[in-house]
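Colleague: Quick one, structure for this:
(one chain, ligands or ions: 1)
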Amino acid sequence: MKKYEPYIAMALEKGVDDALIVDTAKIFTAPWVRMKCRFGCLYYGKKLCCPPHTPDHKETRAFLDSYKHALLCHKHWKKDYKVVDKFNSSIVDLETTFFLDGYYKALGLGMGPCTLCKSCDASGACKNPERARPAMEACGIDVFQTARAHQLPIRVVRTHSEERDIYGVVLIE
Ligand code: SF4
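Modeller: This next block holds a predicted model:
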């Protein structure tokens, strides 16, 4: 898929470790994922990019199936939350580039809770809708299964400060 090569190069230039074009049928969803948000995450209901404001696994499956290809991005994270912000920003930049190049359906999903504002008024409208995107997991995507289906690294971490692997995706067309 030569036509996507410039976007893979752009992702790598932005510091992503792996960027590959995947079939959206191999981006997996599951009902358990948002249960982990609902029971166990501090941000549940507190951010407009987090559940219950985000699509559930059934809605996500339906919108994933309205695409054929996506750019799956991976980065190994080491103890610096700014890296996560930069990674999520790169996903939105890639989405914008695809869109302006004519891929009118382009849509990015990042990782983790949105950090664009100091506080998020989840009872109102998003203050930064052009840059705010939900995480893959916030939409019911099983990131572990998706990463492993593409032979990419991911594992359970035991502490908040431990190194880990982070993922984002841009749905293309
Ligand atoms: S951009 Fe601001 S208002 Fe929008 S979801 Fe993120 S933190 Fe909330």
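Colleague: Helix, strand, or coil at residue 34?
Modeller: helix (DSSP: H, G, I helix; E, B strand; the rest coil).
Colleague: pLDDT below threshold where in this protein?
Modeller: Within the chain, no stretch has pLDDT under 70.
Colleague: Tell me where it has helices.
Modeller: 5-13, 32-38, 57-64, 81-100, 143-149 (DSSP state H).
Colleague: center of this protein - which residue?
Modeller: The centre of the chain sits closest to residue 110, judged by C-alpha atoms, centre = their mean, with a distance of 2.4 Å.
Colleague: ok now do the closest residue to that residue other than its chain neighbours, which residues does it touch?
Modeller: Leaving aside its sequence neighbours, residue 110 sits nearest to residue 88 (C-beta to C-beta, 6 or more residues apart in numbering; 3.7 Å). C-beta here means a position set from N, CA and C on the backbone, and glycine is covered the same way. Residues near residue 88 by C-beta atoms under 8 Å, 6 or more residues apart in numbering: 110, 111, 112, 115, 133, 168.
Colleague: Repeat that for residue 58.
Modeller: Each residue near residue 58 by C-beta under 8 Å, 6+ apart is listed here: 29, 140.
Colleague: separation between it and residue 140?
Modeller: Distance of residue 58 to residue 140, computed by C-beta to C-beta, to the nearest Å: 8 Å.
Colleague: Ok, residue 96 next?
Modeller: 25 Å.
Colleague: next one: residue 126
Modeller: 20 Å.
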